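Engineer: mind folding the following:
(chains A and B)
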There are 2 protein chains.
Amino acid sequence: MSEYIEHDQTSVSAGLVEKKFFTFAGSPDEMPLESGAKLGPITISYETLGTLAPDKKNVILVAHALTGDAHMAGVYSTEDTKPGWWDIMIGPGKGIDTDKYFVICANILGSCMGSTGPSSINPKTGHPYGFDFPLVTIGDMVCAQKKLLDHLGIEKIFSVIGGSLGGMQVLEWMVRYPDKVVSAIPLATTTKHSALAIAFNEVARQAIIADPNWCGGNYYGGKKPDMGLAVARMIGHITYLSDESMRMKFGRKLQDKTDLSFDFSADFQVESYLRYQGAKFVERFDANSFLYITRAADYFDLEKKYGEGSPVKAFSGAKAKSLIVSFTSDWLYPTYQSKAMVKAMKKNGLDVSFCEIEAEWGHDAFLLPNKRLSNLIKGFLEGVRRENGY
Amino acid sequence: MSEYIEHDQTSVSAGLVEKKFFTFAGSPDEMPLESGAKLGPITISYETLGTLAPDKKNVILVAHALTGDAHMAGVYSTEDTKPGWWDIMIGPGKGIDTDKYFVICANILGSCMGSTGPSSINPKTGHPYGFDFPLVTIGDMVCAQKKLLDHLGIEKIFSVIGGSLGGMQVLEWMVRYPDKVVSAIPLATTTKHSALAIAFNEVARQAIIADPNWCGGNYYGGKKPDMGLAVARMIGHITYLSDESMRMKFGRKLQDKTDLSFDFSADFQVESYLRYQGAKFVERFDANSFLYITRAADYFDLEKKYGEGSPVKAFSGAKAKSLIVSFTSDWLYPTYQSKAMVKAMKKNGLDVSFCEIEAEWGHDAFLLPNKRLSNLIKGFLEGVRRENGY
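Structural biologist: Numbering: from 1, shown residues only, chains lettered A, B, ... in the order given. Now for the predicted structure:
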């Protein structure tokens, strides 16, 4: 616990940041997707922090997880002071130091936080895509990020960093665009989604699909499948925590009562917490985006796509120096999965460092204040700078 | 794996068995419940195997888990040849030897498999109870089992055996009726439901409650909340397996196709498996019973109820010799929870043996063929027989 108590970087914000948008692949130049379908025009919402160096060599691309957005750090205004989702990590003097790096984060393709997704207007119909939106992959998301970087005139990324689904994007970048990536930090992630991870996603999807308001995905303008999406989010939340963290955080503590109710109200704090998380989530996220992005995660299999099933072969073209980090209590993407990718990278002679961080907070650990993680990332990036003579 | 392949006890069935029913607490003699409510009349469905010894000292009570029933072993007829849920363990020469013991299994109070539960007719209204059914606890379930044993003229149980929710009943028996229990075998269970276990149950319940067909629990005679119950069951199924068993059983194998569909059909075998399990479950189980029994599990806290929060104090009155078994890959009731109860029992000077079985099948392991488990149970029971001079 001490690591968390000592850590006080949360008090330093990355400062003001603005929402930016980039639109590309306008008709008839639709972007070909891995499914074979085409999509366009595509809008990508993104934000940047820090200053782009004249030689453009200080670019860090941060990839967000399942339900994240481009708002990685800082605040939008002195009135809207909710900091970005990784404000503890990104800012002046922090793990990802905005005094040194030009940091970019783009909302993923298929999401609903500014980038094109199922809730966007289909130019062919004038109505939201709904289930007419084509299935997108982690590869498609990375391809869209590449278009954004091309647009910004950035030829090389100093480091691409992300956890969970963000980590999958990091791995895809390493393999898909090996000459574009100097270094990479995949956190709490995997080279291929396991049966357990697919299972949780599938049940969450079924909860949404079971909601009669989902209406085959065409619910825009009507009642939303909030009940189903809330259950889906609750399932997700359990997988982000751990037995240990839930025991410490909730145990069997009761919520606002001294004894059991002997009915079905939220007696236990953990019940109340999950219900609250579910209810809060439906206010900000689109159910179809949840379906599409979880499907992209389940489809992610770097070994099959780039290595004909061989993890070693998958990384055979990669060049980036990398830092792989896993967390002891993460049972969604357990350490053995990180170790497997480290082994595959090493067999290709890649320069890879690996660290398993002792943390009781489960998969969510990569998002929580952790001095060790901040220091690891900071030190790794400094090392890459020195090695490359920046 | 070898343990499973070598094991061939499944070929020997316990033989023919018949459904029996016992009704008690008829109006106005309703049974008082732990909640303070009263319930009656109560019907308990039960089955027996083996022969009751003249001295009635050879009685084994088997307690079933969440969605089980009284049909523990054997078959109903030469036409209806589906064996009971623990046929691999119970039968002539098996772990629980019906040549030696008189084995009883009763469907738990609150269930829908013959015993009184929310789908039973409320004599006061002539309609199914629905959500007017009072909340029942593990203690109430055990109390109903005690009434059945009284009715059968059995004063002492040679051994009470059960896994998961059945294990909770075993622990409740040990503490509630210490003079009635010679020995006890709680398998894959816990003295108090953890936050993680409550969390999974709560999400499963929310999936049912979110189904508009649930109608506040009064759906009998109309459409049933099958979609919600199927999702609830899928959540349960994930918790019964393990990362390892799912990797071995499913991995990323596709279902009846050679490539990804790029739509939302069940591409992966694990998706197909879960959908099948969900669809099959709604045919045999009542959604309200699922709500009530999971709630009983969540309310289970032997330490609070009998020990003012102290596990040692909770077992201070217990007398039974016991065998505690946990399974390495069970993350629903992990080994540390079994070890805690062993420690508490030992501090009370109780005769307790503990075994953690190496098994990759997760929580479900206690229900699967496992020669080691059969031998352990058989040996333990033989030892108790010898010690007691039977």
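Engineer: what's the spacing between the closest residue to A:L33 other than its chain neighbours and chain B?
Structural biologist: Leaving aside its sequence neighbours, A:L33 sits nearest to A:D140 (CB to CB, 6 or more residues apart in numbering or on different chains; 5.0 Å). To be clear about C-beta, it is placed using only N, CA and C from the backbone, and glycine gets the same treatment. Distance, A:D140 to chain B, using CB to the nearest CB, to the nearest Å: 11 Å.
Engineer: could you list which residues are in contact with A:D140?
Structural biologist: By CB atoms under 8 Å, 6 or more residues apart in numbering or on different chains, the contact list for A:D140 reads A:M31, A:L33, A:E34, A:L109, A:G110, A:A296.
Engineer: do A:D364 as well
Structural biologist: Contacts of A:D364 (CB under 8 Å, 6+ apart): A:Y240, A:L241, A:S245.
Engineer: shouldn't it be within a helix?
Structural biologist: Yes - A:D364: assigned to a helix according to DSSP: H, G, I helix; E, B strand; the rest coil.
Engineer: what's the pLDDT at it?
Structural biologist: Looking at A:D364, its pLDDT reads 91.
Engineer: how about the one residue sitting closest to the centre of chain A: what's its closest non-neighbour residue?
Structural biologist: In chain A, the C-alpha nearest the mean C-alpha coordinate belongs to A:A65, at 1.3 Å (CA atoms, centre = their mean). If the residues on either side of it in the chain are set aside, A:A65 comes closest to A:S164, at 4.1 Å by CB to CB, 6+ apart.
Engineer: tell me the spacing between that neighbour and A:I138.
Structural biologist: According to CB to CB, to the nearest Å, A:S164 and A:I138 sit 11 Å apart.
Engineer: would you state the helices of the stretch 101-250 of chain A in chain order?
Structural biologist: A:138-151, A:165-176, A:195-209, A:226-240, A:243-249 (DSSP state H, counting those that start in this stretch).
Engineer: ok, back up a step: who has more neighbours, A:S164 and A:I138?
Structural biologist: Higher neighbour count among A:S164 and A:I138: A:I138, with 29 against 26, using other CB atoms under 10 Å in any protein chain shown.
Engineer: was I right to think that one contacts A:G166?
Structural biologist: No - assessed by CB atoms under 8 Å, A:I138 is found out of contact with A:G166, at 10.0 Å.
Engineer: what's the burial count for the residue in the stretch 51-200 of chain A that chain B sits nearest to?
Structural biologist: Scanning the stretch 51-200 of chain A for the residue nearest chain B gives A:A195, at 3.8 Å (criterion: CB to the nearest CB). By other CB under 10 Å, the residues close to A:A195 number 26.
Engineer: so who does it touch?
Structural biologist: B:D243, B:M246, B:R247, B:K249, B:F250, B:G251, B:R252, B:F268, B:V270.
Engineer: go through these and give me the one with the most neighbours.
Structural biologist: Busiest of these [other CB under 10 Å] is B:V270, holding 28 neighbours.
Engineer: residues in contact with that one?
Structural biologist: A:A195, A:I198, A:A199, A:E202, B:M246, B:K249, B:F250.
Engineer: how about a cut-off of 6 Å?
Structural biologist: A:A195, A:I198, A:A199, B:F250 (CB atoms under 6 Å, 6 or more residues apart in numbering or on different chains).
Engineer: before we move on, what about A:I138?
Structural biologist: A:M168, A:Q169, A:E172, A:A296, A:F300.
Engineer: measure it to A:G167 for me?
Structural biologist: 10 Å.
Engineer: likewise A:M248?
Structural biologist: 25 Å.
Engineer: in terms of neighbours, single out the busier of those two.
Structural biologist: Per other CB under 10 Å, whichever of A:M248 and A:G167 has more neighbours is A:G167, with 29 against 14.
Engineer: now that one: how far from A:E356?
Structural biologist: Taking CB to CB, one finds A:G167 at 14 Å from A:E356.
Engineer: equivalent analysis for A:T137, please.
Structural biologist: A:T137 is 28 Å from A:E356, by CB to CB.
Engineer: among those two, which residue is more densely surrounded?
Structural biologist: A:T137 (24 against 15).
Engineer: spatially nearest residue to that one (excluding sequence neighbours)?
Structural biologist: Nearest to A:T137 is A:E34, by CB to CB, 6+ apart, at 4.5 Å.
Engineer: before we move on, the earlier item: can I get the helices of the stretch 101-250 of chain A in JSON lines with mean pLDDT and distance to B:V75?
Structural biologist: Shown next, in JSON lines, are these (pLDDT from 0 to 100; distance: least, CB to CB, whole Å):
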{"stretch": "helix A:138-151", "mean pLDDT": "98", "distance to B:V75": "50"}
{"stretch": "helix A:165-176", "mean pLDDT": "98", "distance to B:V75": "49"}
{"stretch": "helix A:195-209", "mean pLDDT": "97", "distance to B:V75": "32"}
{"stretch": "helix A:226-240", "mean pLDDT": "97", "distance to B:V75": "37"}
{"stretch": "helix A:243-249", "mean pLDDT": "94", "distance to B:V75": "39"}
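Engineer: dump those helices to JSON lines, plus distance to B:F158.
Structural biologist: Shown next, in JSON lines, are the helices of the stretch 101-250 of chain A (distance: least, CB to CB, whole Å):
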{"stretch": "helix A:138-151", "distance to B:F158": "58"}
{"stretch": "helix A:165-176", "distance to B:F158": "54"}
{"stretch": "helix A:195-209", "distance to B:F158": "40"}
{"stretch": "helix A:226-240", "distance to B:F158": "40"}
{"stretch": "helix A:243-249", "distance to B:F158": "35"}
